[in-house]
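Novice: sequence below, structure please.
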Amino acid sequence: MNIKDLLSLKSKVILITGGIGYIGSAMSKALLEAGGTVVIADIAEKKPVEIAGGDDLAENLKVLKCDLSSTDSTREMFAKVKNLHGRIDVLINCAVYGGGAGGKKVATHSIDEMSDEIWETGIDGTLNITFRCTREVLPYFYENGVGNIINIASMYGIVSPDPGIYGTSGQNNPPQYGAAKAGVLQFTRYCAGHLAGKNIRVNSITPGPFPNPKGNLTEDFKQKLHAKTMMGRAGRPEELAGALILLASDASSYMTGSNIIIDGGWTAW
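Specialist: Here you go, the predicted model:
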C-alpha cells in the first residue's frame, strides 16, 4: 500500500466530540479533507457547511447535539452514529467543559478559593468525559473487531502553567484542568495496554499553546506566551492536522500508547 492510501481516511467513520470548538472545528475539517466520514458530537450547534467550508465536504459531515456530561445522552449519541453509518471506526475525545473551558465554563479560582463543586466539574468535564466516551464506544469496536481512540490531552498535563505569563490576563489555567489532562495521558496508556489484545489502538495528542484569537488576549500576554516556546510563536489549529491524520489512519497501525506533543518546543526546555 502506498503512503497516500495509508493516510487516506476514505473508509473511516470518525466520531469527534467537541468538534465545533476552536481546535475541534479545525480537526473536523482536516478529517473531512482526508476523506473521512465525520460525525461531531457537541453541546453547541452549527451547520455542517460552516465547519466544512464547502458543500462537497459537508456532505460527509453530521453534527449531533449531545450533552456529554450525561451518560444517557452520550449513550444515545453513540447509538445514533451506529444507526447513521453502521459502524464507528475512530473516536476522538476532544470535548471539554468546566475548568475554564467549553460550553459549561466556570470561573477560574485559585486553589485556596476553589469549591469542591468547581474542582469536580473540571475533572468531570476533562477526564470523566473521556472515560465515559471510551466506555460507550467499546461495544461497537468489539463488534467491528478493531478500533482506534485518539485522546486530546494538553501540555498542562505534563508541565505546570508559568504564573509569570498569565498574571492578570484572565487567561489563567486552573489546577483542575491540568490535573485532569494528566489523567487523560495515563488513561491513554492504561487503555492502550488493556485493549491491544482486542485490536484497539489508543493514542493521544498533546497540544501546546493554541490560544483562540477571539479570546480578548492582551499584547503583553501574547508576547510572554510566544516567548515561552522554542519557535517564538503560538500554534495555529491546522498545525494539529498532521498528527491527527496520522493517528486516525492506517499509517499509524503499529502505534498504541503513544503521545504526540505539538507545542513549538514548550515542554522540551
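Novice: for stretch 206-216, what is the distance to the chain centroid?
Specialist: Its chain's C-alpha centre and that of stretch 206-216 lie 14 Å apart, by CA atoms, centre = their mean, to the nearest Å.
Novice: wait, residue 212 sits on residue 25?
Specialist: No. Counting by CB atoms under 8 Å, residue 212 stays clear of residue 25, with 10.9 Å between them. The way it works is simple: take the backbone N, C-alpha and C, and place the C-beta from them, glycine included.
Novice: the more surrounded of the two?
Specialist: residue 25 (22 against 12; other CB atoms under 10 Å).
Novice: could you pull out the helices for the stretch 151-269 of the chain?
Specialist: All helices of the stretch 151-269 of the chain, identified by DSSP state H, counting those that start in this stretch, fall at 163-166, 175-195, 219-227, 241-248.
Novice: what about dumping the CA coordinates of the last one to CSV?
Specialist: It refers to helix 241-248. This file holds the C-alpha atoms of helix 241-248, laid out as CSV (Å, rounded to 0.1, in the frame of the first residue of the first chain):
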residue,chain,number,x,y,z
ALA,A,241,-3.8,18.1,11.5
GLY,A,242,-0.7,16.1,10.5
ALA,A,243,-0.6,14.2,13.8
LEU,A,244,-4.3,13.7,13.8
ILE,A,245,-4.5,12.3,10.3
LEU,A,246,-1.5,10.0,11.1
LEU,A,247,-3.2,8.6,14.2
ALA,A,248,-6.6,8.3,12.6
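Novice: tell me the buried residues in that helix?
Specialist: Going by neighbour count (16 or more other CB atoms under 10 Å), the buried part of helix 241-248 is 241, 243-248.
Novice: same check, this time on stretch 156-165
Specialist: So, applying 16+ other CB under 10 Å, buried residues of stretch 156-165: 156-158, 161, 165.
Novice: in those, find the pair that's most separated.
Specialist: 157 and 165 (17.3 Å; CB to CB).
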